[in-house]
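J.: sequence first, predicted coordinates after that:
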Amino acid sequence: NPGSMVKQKSGLNRVILDQGWGMFKTFLEYKQLWSGGQLLLVDPKYTSQTCPECHHRSKDNRQTQSEFECVLCGYKEHADLVGAKNILERGHRLLACGEEDFSLLCEAGTRQSSNTQEPVLV
């Protein structure tokens with residue numbers, strides 16, 4: 001049994017995919033420029049498997065779809081909030097250092113010029 005309401009979910013997925021993510025990104029960029037903000041695009045990989053406290057990444061940190069508990073430090077939070085916190089941190093790191101990889105934190109004075117950065121969604 002693949003699950004309940006499979007047909008309805010596939011229809012919803014199709015509607016979401018048909019909305020045109022490129023156009024959505026274009027509108028976000030426009031609105032950010034208009035309001036004096038900046039749009040940052042960060043890689044979302046592993047954001048819901050990485051602890052925002054100790055930065056330990058493991059599939060075992062996700063016991064269920066919605067529950068996150070770090071197997072190293074014991075930090076508990078809803079998995080969506082963990083992902084959002086990690087995406088925000090990556091955006092901050094990108095702004096400060098020009099790098100979103102935690103293992104490559106910048107040293108003082110090594111920040112890239114803002115005119116060389118790609119737009120990033122945070």
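T.: Received the coordinates, thanks. Numbering: from 1, shown residues only.
J.: could you break this protein into its assigned domains?
T.: 1-36, 40-106+115-122 (automatic domain parsing).
J.: winner for burial among those domains?
T.: domain 40-106+115-122 (a mean of 15; mean count of other C-beta atoms under 10 Å). All C-beta spots, glycine's among them, are computed from the backbone N, C-alpha and C.
J.: and it, how far from the chain's centre?
T.: 7 Å (C-alpha atoms, centre = their mean, to the nearest Å).
J.: circling back to that earlier point, can I get the domains of the chain in a markdown table including mean pLDDT?
T.: Converted to a markdown table, the domains of the chain look like this (pLDDT from 0 to 100):
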| stretch | mean pLDDT |
| --- | --- |
| domain 1-36 | 78 |
| domain 40-106+115-122 | 86 |
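J.: look up how far residue 71 lies from residue 28.
T.: Look at residue 28 and residue 71: by C-beta to C-beta, to the nearest Å, they are 35 Å apart.
J.: ok, residue 18 next?
T.: Distance from residue 18 to residue 71, by C-beta to C-beta: 39 Å.
J.: equivalent analysis for residue 98, please.
T.: 31 Å.
J.: against which helices or strands is the lengthiest helix in the chain packed?
T.: Taking DSSP state H as the criterion, the chain has its longest helix at helix 79-97. Judged by 3 or more C-beta pairs under 8 Å, 6 or more residues apart in numbering; DSSP states H and E, helix 79-97 is in contact with strand 67-69.
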